[in-house]
Every structure is written in structure tokens, then in C-alpha cells.
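Undergrad: Structure of the sequence below:
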Amino acid sequence: MKTQKMLGKLRALLRGPLEDTPRKKICKAIKALKARQRELEARLMQTEGKRARQRLEQKIHVIRAQRLKGQQRYREIKTG
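TA: You can find the predicted model right below:
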């Protein structure tokens, strides 16, 4: 699954109220983003070009930020 599609799914889950957000779907989206992040980090290690490295680093940064938002939402749902 492409990164934009994964981010879109997580974004949709984060928009609604806490009561309507399914915990399992958020968990699944977070795990998919984590796998994608690790894949991009591995690709970053092998990339030589400066511009290509910057693009990969930017994608990793966005994925990391969205994962953190998802994790916070998951914890909010879990506690209350």
C-alpha cells in the first residue's frame, strides 16, 4: 500500500470523535506506517544522491509524525 493511502486512512480515523474511532483499525494503520517507515529507512541507507536522501528523510519525518498522532489517539481511546 502506498504511503499516501496509509496516511489518508489514519487521517480519517483521527478526525472523528473518540467514541466512534475503532481501536483495532488505528492499531493496524500504525503498524502499517511503522513497516513503511522501516522500509524507507533501509532505502535511505542505500541511497547516495543528496536530493533523493532529502526526499526520503522528509517522507520518514511525515510518517513518524503521523504515527505519533495515531499513538496518542490510541492511548486516549484506550484510557477513556
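Undergrad: ranges for the helices of the chain?
TA: 3-15, 23-46, 50-79 (DSSP state H).
Undergrad: per-residue confidence averaged over stretch 56-66?
TA: Stretch 56-66 carries an average pLDDT of 96.
Undergrad: Which positions within it qualify as buried?
TA: 56, 59, 60, 63, 66 (16 or more other Cβ atoms under 10 Å). Bear in mind the C-beta positions are built from the backbone N, C-alpha and C, glycine included.
Undergrad: Please apply the same query to stretch 25-34.
TA: 26, 29, 30, 32, 33.
Undergrad: Spit out the contact partners of the nearest residue to residue 40 once chain neighbours are set aside.
TA: Counting by Cβ to Cβ, 6 or more residues apart in numbering, residue 40 lies nearest to residue 60, which is 5.2 Å off, once chain neighbours are set aside. Contacts for residue 60 were tallied using Cβ atoms under 8 Å, 6 or more residues apart in numbering; they are 37, 40, 41, 44.
Undergrad: Of those - the most surrounded one?
TA: residue 37 (19 neighbours; other Cβ atoms under 10 Å).
Undergrad: Against residue 17, how distant is the closest residue in space to it that isn't next to it in sequence?
TA: Leaving out its chain neighbours, the residue that sits closest to residue 37 by Cβ to Cβ, 6+ apart is residue 63, at 4.7 Å. To residue 17, residue 63 is 25 Å away according to Cβ to Cβ, to the nearest Å.
Undergrad: Spit out the contact partners of residue 28.
TA: Contacts of residue 28 by Cβ under 8 Å, 6+ apart: none found.
Undergrad: Good, we can wrap up now.
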